[in-house]
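**Q** Output the structure for:
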Amino acid sequence: MRLQPGFSTTDAEQCAERLAGVATRCLIDEARLSPKPGLVDARGNGAHQDLTLALMERSAHSLTPTFHALALHSWQRSADIALRQQVGKLGREGEARMMAATDGVNTHRGAIWALGLLAAAAAMYGGVASATRLTAGAARLALLPDDAAPKLFSKGLRATQRYRVPGAREEAQQCFPHVMQLALPQLRRSRQRGASEAAAQLDALMAIMTSLSDTCVLSRAGLAGLQAMQQGARAVLAAGGCGQPDGRAALARLDGQMLSFNASPGGAADLLAATLFLDRITVN
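**A** Numbers count the residues shown, from 1 in each chain. Presented below is the predicted three-dimensional model:
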């Protein structure tokens with residue numbers, strides 16, 4: 001591992017440990033956040049038959065070594081083909097560890113991609129960077145090829161191709177626009193307006209859902225489900241957000257809609273975890 005002058009392996013290890021801990025905590029906090037429309041939360045399983053909160057938390061803890069390894073191998077390095085391929089390898093190993101921990105249930109595949117890239121990018125800058133710089137570093141990694149990546153045709157990829165919409169890969173390659181332009185500003189705006197932390201995080205989730213082409217929803221409910229998600233999220237924010245009575249009522253209606261569609265906005269949940277990660281580790 002190459003280190004810049006003035007830094008030691010202790011610096012790298014401490015940074016990796018911190019980033020891995022924050023990433024894991026963000027996944028757990030996202031899972032516990034309630035009430036989320038159609039998603040697993042502290043109330044129950046949402047639209048899922050195979051997911052529980054306990055399973056989501058076990059999955060999150062199983063990924064701590066992956067985030068640690070991604071950060072450690074990315075410490076003070078530049079985005080190049082060698083690093084991109086190492087990141088891909090570590091991510092796939094992390095996915096295998098996750099699947100073993102969940103008995104084959106896909107709990108956090110999208111989150112491994114988003115948070116893994118962001119943890120790697122944060123370590124590239126020594127753990128100290130603005131959100132803009134960090135997401136740009138993650139985008140540079142995401143734009144590079146990973147020849148060892150398996151040619152899998154996942155549900156998400158099928159949805160992006162069928163409906164001709166961008167997916168998780170494009171989100172990262174474009175510097176996480178739903179996080180940077182919508183969720184992170186909304187999170188901080190809601191806090192400034194006096195919302196509780198839970199309500200501010202729910203508002204950030206709604207901001208993502210107003211425009212994200214969530215492939216999890218598309219796979220389960222098609223365009224009708226996606227439009228219901230986007231319109232419902234806009235209604236929550238238009239009613240003052242999740243900290244206001246009208247906003248909470250709109251959120252309850254959206255939850256009912258998502259359950260009626262048997263749809264769960266898992267892509268939005270992954271990006272909420274990424275939003276929390278950036279909020280907690282970046283400097284502005």
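**Q** Figure out how far stretch 242-249 is from the centre of its chain.
**A** 24 Å (CA atoms, centre = their mean, to the nearest Å).
**Q** do the same with stretch 87-95
**A** Centre-to-centre, stretch 87-95 and its host chain are 16 Å apart (CA atoms, centre = their mean).
**Q** quick one: average confidence on that stretch?
**A** Confidence for stretch 87-95, expressed as mean pLDDT, is 97.
**Q** Likewise for stretch 188-195?
**A** Taken as a whole, stretch 188-195 has a mean pLDDT of 98.
**Q** ok, now stretch 264-275?
**A** Mean pLDDT, stretch 264-275: 97.
**Q** Stretch 68-79 now?
**A** The model assigns stretch 68-79 a mean pLDDT of 97.
**Q** if we look at it, which residues are touching it?
**A** With contact meaning CB atoms under 8 Å, 6 or more residues apart in numbering, stretch 68-79 is reached by 1-4, 7, 11-13, 15-17, 19-20, 83, 86-87, 90-91, 93-94, 116, 119-124, 126, 137, 140-141, 144. In this view, the C-beta of every residue, glycine as well, is placed from N, C-alpha and C.
**Q** what packs against the one helix or strand Ala114 maps to?
**A** Following DSSP states H and E, one finds Ala114 within helix 109-124. Under the contact definition 3 or more CB pairs under 8 Å, 6 or more residues apart in numbering; DSSP states H and E, helix 109-124 sits against helix 9-32, helix 64-74, helix 81-101, helix 131-143, helix 168-173, helix 266-281.
**Q** Leu223 is nearest to which of these?
**A** helix 266-281 (15.0 Å; CB to CB).
**Q** which residues does the residue most central in space within the chain contact?
**A** The geometric centre of the chain, computed from its C-alpha atoms, lies nearest to Asp270 (CA atoms, centre = their mean), at 2.7 Å. By CB under 8 Å, 6+ apart, the residues touching Asp270 are His108, Gly110, Ala111, Trp113, Ala114, Leu115, Ala168.
**Q** about what we covered before: pipe the helices and strands packed on helix 109-124 into a markdown table and attach distance to Leu55 per row.
**A** Formatted as a markdown table, the helices and strands packed on helix 109-124 follow (distance: least, CB to CB, whole Å):
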| stretch | distance to Leu55 |
| --- | --- |
| helix 9-32 | 9 |
| helix 64-74 | 16 |
| helix 81-101 | 9 |
| helix 131-143 | 27 |
| helix 168-173 | 21 |
| helix 266-281 | 14 |
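**Q** so what's the backbone phi/psi at Gly44?
**A** phi 170, psi -160 (degrees, to the nearest 10).
**Q** what's the neighbour count on it?
**A** Gly44 has 11 neighbours, counted by other CB atoms under 10 Å.
**Q** Report the beta-bridge partners for it.
**A** Asp41 (DSSP bridges).
**Q** How confident was the prediction at it?
**A** 94.
**Q** That one and Pro150, how far apart?
**A** 34 Å (CB to CB, to the nearest Å).
**Q** which one is Gly91 nearest to, not counting chain neighbours?
**A** Spatially, and ignoring its direct neighbours in sequence, Gly91 is nearest to Gly116 (5.0 Å; CB to CB, 6 or more residues apart in numbering).
**Q** can you count the residues close to the one you found?
**A** Gly116 has 27 nearby residues by other CB under 10 Å.
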